[in-house]
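Chemist: Predicted structure and sequence below. I'll ask about it afterward.
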Amino acid sequence: MSTPDDHSPWRDVSGSPPSAAETGYTGPPPQEHPAPDWQPPTLRPAPPPRRLPGQDVHAIEAAESRARGLSYGVGIGALVVMVIALCAICGRLLF
């Protein structure tokens, strides 16, 4: 078991604190107050957002409907191909 050094969190701190000459820390730098008329820099406000164009809700709904139909068609086609392949594989194993 080794003895703790001066930087150990378990060292005895019951004595007086070290002086500035011992630690080399002289404290925080002195603060200088700003001039009385100083103001923080300000930015020009952003222009208001532009108005967005209107949406054609009926065209959007029609496009979504066509996309849904295409997705269902591709899914059903893939399902048919998988069922046929499964039947072919099981048929070869059984017969």
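Modeler: On my side now, so go ahead. Computed from a predicted structure; not experimentally measured.
Chemist: tell me the secondary structure for residue 27?
Modeler: Of the three states, residue 27 takes coil under DSSP: H, G, I helix; E, B strand; the rest coil.
Chemist: confidence score at it?
Modeler: Listed pLDDT for residue 27 reads 84.
Chemist: How many residues are close by it?
Modeler: Using other C-beta atoms under 10 Å, residue 27 is surrounded by 6 other residues. In short, each C-beta sits where N, CA and C put it, glycine included.
Chemist: Spit out the contact partners of it.
Modeler: residue 20 (C-beta atoms under 8 Å, 6 or more residues apart in numbering).
Chemist: and what of residue 42?
Modeler: Counting by C-beta under 8 Å, 6+ apart, residue 42 makes contact with nothing.
Chemist: what about it, is that helix, strand or coil?
Modeler: For residue 42, the assignment made with three-state DSSP gives coil.
Chemist: For this protein, name the helix or strand with the lowest mean pLDDT.
Modeler: When the helices and strands of the chain are scored by mean pLDDT, DSSP states H and E, helix 20-23 comes last with a mean of 80.
Chemist: next structured bit after that helix?
Modeler: For helix 20-23, the succeeding helix or strand toward the C-terminus, using DSSP states H and E, is helix 57-94.
Chemist: distance between that following helix and the chain's centre?
Modeler: Chain-centre distance of helix 57-94: 36 Å, with C-alpha atoms, centre = their mean, to the nearest Å.
Chemist: How about stretch 49-65?
Modeler: 30 Å.
Chemist: quick one on the thing from earlier: got a list of contacts for the least confident helix or strand of the chain?
Modeler: 26, 27.
Chemist: Now that helix: buried residues?
Modeler: The neighbour-count check on helix 20-23 (16 or more other C-beta atoms under 10 Å) flags nothing as buried.
Chemist: got any ranges where the protein has weak pLDDT?
Modeler: Within the chain, the stretches with pLDDT under 70 are 1-8, 11.
Chemist: Now with 50, please.
Modeler: 1 (pLDDT under 50).
Chemist: could I get the least confident helix or strand of the chain in PDB with only the CA atoms?
Modeler: Provided in PDB are the C-alpha atoms of helix 20-23 (Å, rounded to 0.1, in the frame of the first residue of the first chain):
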ATOM      1  CA  ALA A  20       0.000  31.900  -3.000                       C
ATOM      2  CA  ALA A  21       3.800  31.600  -3.100                       C
ATOM      3  CA  GLU A  22       3.600  27.900  -2.500                       C
ATOM      4  CA  THR A  23       1.000  27.200  -5.100                       C
END
